[in-house]
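> Just the structure for this:
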Amino acid sequence: MGRYILRRLIAFIPTLIIVSFLIFIMIYLIPGDPVSMMLGAEASATEADELRRQLGLDQPFLGRMKTWYSGAVRGDLGHSLFLHQPVTSALLERLPVTLSLTFCALMISATIGITAGVIASLRQGKFTDWGIMLLAIIGISIPIFWLALNMIFLFSVRLGWFPTGGYSPISEGLGSFLKHLFLPSLALGLAYTALIARMSRSSMLEVLRQDYVRTARAKGLRDRGVILVHAMRNALIPIVTILGLTVGELLAGSVITETVFNLPGVGRLVIDAVKRRDYPVVQGGILIITFTYLCVNLLVDLVYGWIDPRIRYS
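Reported below is the predicted structural model:
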């Protein structure tokens, strides 16, 4: 197991190199100049050239890339052009917000999606099954930003149950933390609940047709025991796979959600950095999100062995 984890961690390196290289190229090709945004339109050409030299923006493409990679190897992702602080510290300050939002949204997606999928599989072809699948299709079709704005209007503006935005760290109280995070997590989680529900239904239907399930029922076992002990665990591997993929979707969707709900997370930081051409923050933010997603995929592979002891890692 230890060797397998070590090999997977080593395999992260080429993935991160390729992702950072692609991001570096795209940023280099994006029109615009952070110097003009920092100095304004009234700055002279001499002042602009001097600032570019100080920031290292006058170097050729390969020179800038070599400088960035040499720093990244040491854990130095550069210095923000607008925040006046290292990129690493800026990301670490905002990473707990994004991880909290992603985790809560995943719990909502998994709880509602798996429950709905299992119920639909047990009522195959009936009104409940059709109703759940119809809601799933509607859920996939609704944009996150539209759902988030309507939730703010209904639950915050009209009813006043939740704040319209902002973030309260858990150190200031669990109640305040959950109250600020509930609507963003619900808006983000519901968008991906449908996918989990459909996969859970398909996986459960396949397992319920197996001989060992029919044998368990023939022995007189209760349906609850058959479903929870025999069927559910064998149906979990495809579901866990979808949950792992969903984390990547949630990390991407957090960019929109954090912007709508004014959450100080990594997603919003990257969006603001793109607007201001804060290149080091964009590169570091996407690199951190990619690394988080790779770690989640590794965790999913390890969970396979816990669900099915027949799976061995070599």
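> Pull up the gap between residue 232 and residue 52, please.
The gap separating residue 232 from residue 52 is 60 Å, by CB to CB, to the nearest Å. Any C-beta I mention is one placed from the backbone N, CA and C, and that applies to glycine too.
> typo on my end, residue 116
55 Å.
> which outside residues touch the strand or helix carrying residue 69?
Assigning secondary structure by DSSP states H and E places residue 69 in helix 61-73. With contacts defined as CB atoms under 8 Å, 6 or more residues apart in numbering, helix 61-73 is touched by 20-21, 24, 28, 56-57, 59, 77-78, 280, 283, 287.
> Just the CA coordinates for that helix, please, in CSV.
Extracted in CSV, the C-alpha atoms of helix 61-73 (Å, rounded to 0.1, in the frame of the first residue of the first chain):
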residue,chain,number,x,y,z
PHE,A,61,9.0,33.5,-22.4
LEU,A,62,11.5,30.8,-21.6
GLY,A,63,13.3,33.0,-19.1
ARG,A,64,10.1,33.7,-17.2
MET,A,65,9.1,30.1,-17.2
LYS,A,66,12.5,29.0,-16.0
THR,A,67,12.3,31.5,-13.1
TRP,A,68,8.8,30.3,-12.1
TYR,A,69,9.6,26.6,-12.2
SER,A,70,12.8,27.1,-10.2
GLY,A,71,10.8,28.9,-7.5
ALA,A,72,7.9,26.4,-7.6
VAL,A,73,10.3,23.5,-6.9
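> residues of the next helix or strand after that helix that come out buried?
Toward the C-terminus, helix 61-73 is succeeded by helix 87-122 as the next helix or strand (DSSP H and E). The neighbour-count check on helix 87-122 (16 or more other CB atoms under 10 Å) flags 87-88, 90-91, 94-95, 97-98, 100-102, 104-106, 108-110, 112-114, 116-122 as buried.
> Then stretch 189-207?
Buried, per 16+ other CB under 10 Å, within stretch 189-207: 189-205, 207.
> from these, which ones fall inside strands?
Members of the buried residues of stretch 189-207 lying in strands (criterion: DSSP state E): none.
> What about these, which are in helices?
Counted as lying in helices by DSSP state H, out of these, are 189-205, 207.
> How about the contacts made by residue 289?
Neighbours of residue 289 in contact, by CB under 8 Å, 6+ apart: 251, 266, 270.
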